[in-house]
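[1] coords below, sequence missing:
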């Protein structure tokens, strides 16, 4: 099908200020102003029409999720998609690659970012991204504990650092810069961690503060579309909200009028007050205030009560988690670059800490300015990504939150969530799932339905201003879109995937001078298990290069 | 009451989730019940002769069922009698009722069962009363009694319930958290990483070095701070 018209739908397109009944025209996979004779007409009367959703943070591919799958065969007992015209897919929370693509499409999401790719494992990561159908994909290489970065930061060589970042993005087909527990993972190789922004890494003597500001300087110099994407220090440890505030304050010396300077990811895990697990409470209020004051964006990192698998490059934290849960676990050192760890968890509504985490995520979603926050679960750390409709409904309906809090222990004693009567509108949710992610990632061809935008389009069977007290029908409608278009092709009808397509892999290219960092590369490749010629990703299935 | 007899000698495994619920269904539905013959989807009536005899929530399996898997999967009540051998996964996820196997049973007998009773008159294979791969908890209740001998891995990650066998192979009650395992004869290593529960052995057995003797019983596994007990019958 080449052209299509969506007739009489109520279009919610906050980026272009559209909130009215309007026809949308699609031609050759793009949105166009008008069409003479559409080959197909879709009637969307009484329904809302929005752009395809964008997930800024979900670990959908790479060494970690694959290690998780190997460690947790019990996750694979749940069939999701049988063959027919699709590829088969299974999984409870850890899904197989085809199931990931289909489940995203099924809830109206068309773009996803894999936020933690060790550069050494980029070939594997891209192989897996290539097996995820329908959605468009991006991957962020990890920089925060890389010996190169430490060396350049220590010598204050920002030009070399920018060159190095551009070299890595080109080699690994990466999209931006991800930092996980800067200096902490390196310190973990020496049985330690860093506990404030001024603690130093034992090998190079640089502090998280220097690494973060050094990387931001380099990113701004390169004018990358996406800002620094940071998983802060001391994640998941009570009292860590202060480090989060300090980290956010580091952005004050930078200016950028087009986008944020820093994206603090899964901020729920970094908004804990108190001194120990026993007296842990919510620090979401302070974090939200600081986010609103600075040029910073966040995603929620909401916890979904039930099964999950934590997997992060933050290996010291994963060891702490293992000590709590005493289950099977794994921990890995990725040569000179980073580390990682995996621990299965079960978030129980009867455990105070878990229910508090659930509440803190929602506080973040309600307290942070609506154009600065994105819905996420940090899949699969906080829970499955296919619960995004559940999160959206919780944010939209106070009554639903009250109902949920009845089954979740002790929320009212440690969290301010019960006193928050704010309800996000459907337009706000569209901002939190479409507009903000597109702006945060610096992608102007998606997240809206203006002319020449990608024809990633979703129709929900909902009124434009649904009644928040009728949360059941909101949840049902958001979970089962009437229609999802990807690049102008119908991929989902009435919550069922009907077509298998392949999306694109987007990466960012910037000019670099390999000569400038030649000596360092030569030196460091003496210590890698991979030769310099073999480093990086030769090709991916369908690529789009942003120059 | 239903009597099932195989129509042919099976060349590949049959996956048939036969439970006593079949005895309460119309004969037409029973004949149409979906089973797998290798990778082919078949009807129960294609592979088995079905005979209805009298009342009662019972299913009797006559003939060679040693290649038929998943018999009694998740059954809640009623009774299954196997007059011969039975295939893998017999009584997996079982919640209640009774399975009597008059011949031998294969591997994965009573995996992750929650309740009910399984009696095997002959021998059984490996991984009796265990968890499926990866699951943190195995059998949570019920009773498995094997009058003959069994293979390795009995009652791994068992939480509650009772398992009784003749001779057993290695690794009895690995990572056990509760319940009782009785080995009437000899067996190999018992109780590695045991956190709780009790293992009783009648004959010879190998004791891991991480158990401490105390009043004629062994307690451990001290490596994991366990409070399990191993004693002689």
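    Received the coordinates, thanks. Note that the structure is predicted; figures quoted are calculated from it, not measured.
[2] ok, whichever residue of chain B sits closest to chain A to residue B:179 distance?
    Per CB to the nearest CB, residue B:134 is where chain B lies closest to chain A, at 3.6 Å. C-beta: built from backbone N, CA, C; applies to glycine. With distances taken as CB to CB, to the nearest Å, residue B:134 is found 20 Å from residue B:179.
[3] For burial, what's the neighbour tally of residue B:207?
    14 (other CB atoms under 10 Å in any protein chain shown).
[4] hey, what's the closest residue to it other than its chain neighbours bridged with?
    Nearest non-adjacent residue to residue B:207, counting by CB to CB, 6 or more residues apart in numbering or on different chains: residue B:218, 6.1 Å away. Bridge pairing for residue B:218 (DSSP bridges) gives the partners residue B:213, residue B:230.
[5] try residue B:162
    residue B:143, residue B:180.
[6] Just list the residues touching it, thanks.
    Applying CB atoms under 8 Å, 6 or more residues apart in numbering or on different chains, we find residue B:162 in contact with B:142, B:143, B:144, B:179, B:180, B:181, B:182.
[7] Residues of chain A that sit close to chain B?
    Residues of chain A lying near chain B by CB under 8 Å from any CB of the partner chain: A:71, A:72, A:73, A:74, A:75, A:77, A:327, A:344.
[8] Just list the residues touching the first one, thanks.
    By CB under 8 Å, 6+ apart, the contact list for residue A:71 reads A:328, A:330, A:342, A:344, B:134.
[9] Would you map the helices across chain B?
    B:27-32, B:44-47 (DSSP state H).
[10] most packed of these?
    helix B:44-47 (a mean of 17; mean count of other CB atoms under 10 Å in any protein chain shown).
[11] Ramachandran angles for the spatially most central residue of chain A?
    Centrality entry for chain A: nearest residue to the mean C-alpha point is residue A:57, 0.9 Å, by CA atoms, centre = their mean. Here is the backbone geometry of residue A:57 (degrees, to the nearest 10): phi -160, psi 100.
[12] pretty sure it is touching residue A:268, no?
    No. The pair residue A:57 / residue A:268 is not scored as a contact, 11.6 Å apart, by CB atoms under 8 Å.
[13] quick one: common contacting residues for the two?
    residue A:301.
[14] Tell me how many other residues surround residue A:254.
    With other CB under 10 Å as criterion, residue A:254 counts 18.
[15] Quick check: the closest residue to it other than its chain neighbours vs residue A:220, distance?
    Distances taken as CB to CB, 6+ apart put residue A:261 closest to residue A:254, at 4.5 Å, once the chain neighbours are dropped. The spacing between residue A:261 and residue A:220, counted by CB to CB, is 7 Å.
[16] Need the residues touching each of the two.
    With CB under 8 Å, 6+ apart, residue A:261 and residue A:220 have common neighbours residue A:254.
[17] So if I had to pick from these two, which one is more boxed in?
    Taking neighbours as other CB under 10 Å, residue A:261 and residue A:220 compare with residue A:261 leading, 21 against 17.
[18] so where's chain A uncertain?
    A:1 (pLDDT under 70).
[19] Let me see the contact set for residue 92.
    In the absence of a named chain, chain A is used. A:74, A:75, A:76, A:77, A:78, A:307.
[20] try chain B instead
    So residue B:92 contacts B:70, B:72, B:73, B:74, B:108, B:110, B:111, B:112, B:113, B:132 (CB under 8 Å, 6+ apart).
[21] Quick check: nearest residue in space to the fourth one, chain neighbours excluded?
    Setting aside the residues directly before and after it, residue B:74 is nearest to residue B:93 in space (CB to CB, 6+ apart), at 4.3 Å.
[22] Most neighbours out of the contacts of residue A:71, which is it?
    residue A:342 (26 neighbours).
[23] part of a helix, is that residue?
    No. Using DSSP: H, G, I helix; E, B strand; the rest coil, the secondary structure at residue A:342 is strand, not a helix.
[24] Pull the contacting residues for the residue of the stretch 251-400 of chain A found nearest chain B.
    Closest residue of the stretch 251-400 of chain A to chain B, CB to the nearest CB: residue A:327 (6.5 Å). By CB under 8 Å, 6+ apart, the contact set of residue A:327 is A:343, A:344, B:136.
[25] redo that, cut-off 6 Å
    Counting by CB atoms under 6 Å, 6 or more residues apart in numbering or on different chains, residue A:327 touches residue A:344.
[26] Quickly find the element holding it.
    Here residue A:327 sits in a region with no helix or strand, counting by DSSP states H and E.
[27] Against residue B:156, how distant is it?
    Counting by CB to CB, the gap from residue A:327 to residue B:156 is 15 Å.
[28] next one: residue A:68
    Taking CB to CB, one finds residue A:68 at 22 Å from residue B:156.
[29] before we move on, what about residue A:354?
    28 Å.
[30] okay, these two: which has more neighbours?
    Using other CB under 10 Å as the criterion, residue A:354 and residue B:156 rank with residue B:156 on top: 23 against 19.
[31] Cross-check the contact I'm expecting between the residue nearest to residue B:207 and residue B:211.
    Yes. Residue B:218 is within contact range of residue B:211, at 4.0 Å (criterion: CB atoms under 6 Å).
[32] returning to what we had before: okay, the helices of chain B in a markdown table with mean pLDDT and distance to chain A next?
    Output for these, formatted as a markdown table (pLDDT from 0 to 100; distance: least, CB to the nearest CB, whole Å):
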| stretch | mean pLDDT | distance to chain A |
| --- | --- | --- |
| helix B:27-32 | 95 | 20 |
| helix B:44-47 | 95 | 21 |
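[33] Using a markdown table, please lay out the ones you listed together with distance to residue A:490.
    What follows is the helices of chain B, written out as a markdown table (distance: least, CB to CB, whole Å):
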| stretch | distance to residue A:490 |
| --- | --- |
| helix B:27-32 | 35 |
| helix B:44-47 | 39 |
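[34] So for residue B:83, which of these sits nearest?
    Nearest to residue B:83 among these is helix B:44-47 (17.3 Å), distances taken as CB to CB.
[35] Name the residues that touch that closest one?
    So helix B:44-47 is contacted by B:7, B:31, B:33, B:35 (CB under 6 Å, 6+ apart).
[36] do the same with stretch A:274-293
    So stretch A:274-293 is contacted by A:238-239, A:241, A:244-245, A:248, A:271-273, A:298, A:353, A:360, A:363-364, A:367-369, A:372, A:414-415 (CB under 6 Å, 6+ apart).
[37] quick one: contacts for residue A:296?
    A:248, A:251, A:260, A:262.
[38] Can you list which of these are found in helices?
    Among the contacts of residue A:296, the ones falling in helices (DSSP H) are residue A:248.
[39] can you tell me which two in the contacts of residue A:296 are farthest apart?
    A:248 and A:260 (10.6 Å).
[40] wait, doesn't the residue nearest to the centre of chain A sit right on residue A:376?
    Yes. Here residue A:57 reaches residue A:376: they are 4.8 Å apart, a contact under CB under 6 Å.
[41] what is in contact with those two at once?
    What both residue A:57 and residue A:376 touch, as defined by CB under 6 Å, 6+ apart, is the set residue A:299.
[42] quick revisit: contacting residues for the residue nearest to residue B:74?
    B:73, B:74, B:112.
[43] Most neighbours among the residues you listed, which one is it?
    For these, neighbours tallied by other CB under 10 Å; top is residue B:112, 22 neighbours.
[44] Residue A:479 versus that residue, what's the distance?
    30 Å.
[45] Show me where the stretch 201-350 of chain A has its strands.
    For the stretch 201-350 of chain A, the strands defined by DSSP state E, counting those that start in this stretch cover A:228-231, A:262-264, A:272-273, A:281-282, A:296-299, A:306-312, A:330-334, A:338-347.
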